[in-house]
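S.K.: Generate a structure from the sequence data that follows.
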Amino acid sequence: MTKTLRLMLGGALLLVCAALPALAQSNARGDAGLCVGGAPNAPIKIEVFSDFQCPACRTFYLETIRPVLADYASANKVCVVYREFPLRNHQHSRKAARYATAARRVGVWQWVQVTDRLYLDQSRWSQDGTVEASVARALSKEDLKRVEALLGDSAINAEIERDLALGRRQGVRSTPTFFITAQGKTERVTGIVQYSILRRYLDSRLGQ
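M.R.: Coordinates of the predicted model:
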């Protein structure tokens, strides 16, 4: 992590959900992935490894990433990529990841709706596993049918496994962990970063 980012994160609240020990850290970068906000050629990329059942991931998405999507990705200043990293100690996180992955294949808007609802309802489905009830609340009947049809595709699980493998290669050990790529450099951050802190860092890299 650079000195600039380290100083800016000094006052941030950092919380994580612990994962099992990962493989050795690697500087290898994965493919660009699908931007859920912004364009692939945006000057900054934020790549997030997240678990739907992780309370810290919920806070980070709702309080930090959603404003980034609204303020930066919408202006193509930042490309936001989400990677599924369901932790083994979270019983229902893989199920949620499958629904979100299927929703993203239907469309980015559908992914946003499902992701919003899964995090907003986290305390409910984390207890009883009723992920599908939250997804049904997020989508139209037509989109829900399309998502449910995709759940039977083995490619959904394969995509999640690729995200997990990529995260392990990049040293992800807990969630949320995210990587910021700007000006030819990539930095890894673990835990929640408040939006006000991240905004100052993004502005510094954008020359604003």
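S.K.: going forward, measure contacts between C-alpha atoms and count neighbours the same way
M.R.: Noted.
S.K.: And the lengthiest helix in the chain, what does it pack against?
M.R.: In the chain, with assignment by DSSP state H, the single longest helix is helix 154-169. Judged by 3 or more C-alpha pairs under 8 Å, 6 or more residues apart in numbering; DSSP states H and E, the packing partners of helix 154-169 are strand 78-84, helix 93-106.
S.K.: That helix - what's its average pLDDT?
M.R.: Mean pLDDT, helix 154-169: 96.
S.K.: in its sheet, what does the next helix-or-strand element following that helix sit against?
M.R.: Per DSSP states H and E, the first helix or strand lying C-terminal to helix 154-169 is strand 174-175. Here strand 174-175 has these sheet partners by DSSP bridges: strand 17-18 (antiparallel).
S.K.: coming back round to it: can you check what angle separates the longest helix of the chain from helix 93-106?
M.R.: Angle, helix 154-169 to helix 93-106, by axes from the mean of the first three to the mean of the last three C-alpha atoms, to 10 degrees: 110 degrees.
S.K.: picking up where we left off before, please convert the helices and strands packed on helix 154-169 to CSV, extending it with mean neighbour count and distance to F49.
M.R.: Below are the helices and strands packed on helix 154-169 laid out as CSV (neighbours: other C-alpha atoms under 10 Å; distance: least, C-alpha to C-alpha, whole Å):
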stretch, mean neighbour count, distance to F49
strand 78-84, 24, 5
helix 93-106, 23, 11
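S.K.: just to revisit the earlier point, the longest helix of the chain versus strand 78-84: what angle between them?
M.R.: 110 degrees.
S.K.: So which bits of helix 154-169 are buried?
M.R.: Using 16 or more other C-alpha atoms under 10 Å as the test for burial, helix 154-169 gives I156, N157, I160, D163, L164, A165, L166, G167, R168, R169.
S.K.: Ok, stretch 123-143 next?
M.R.: In terms of neighbour count (16+ other C-alpha under 10 Å), stretch 123-143 has its buried residues at W125, S126, V131, E132, S134, V135, A136, A138, L139, D143.
S.K.: Quick one: mean pLDDT over the strand or helix carrying the fifth one.
M.R.: Taking DSSP H and E as the definition, one finds S134 inside helix 131-138. In this model, helix 131-138 has an average pLDDT of 98.
S.K.: next SSE after it?
M.R.: Going down the chain from helix 131-138, the next helix or strand is helix 141-150, by DSSP H and E.
S.K.: hmm, back to that, out of the buried residues of stretch 123-143, which one sits closest to R200?
M.R.: A138 (32.2 Å; C-alpha to C-alpha).
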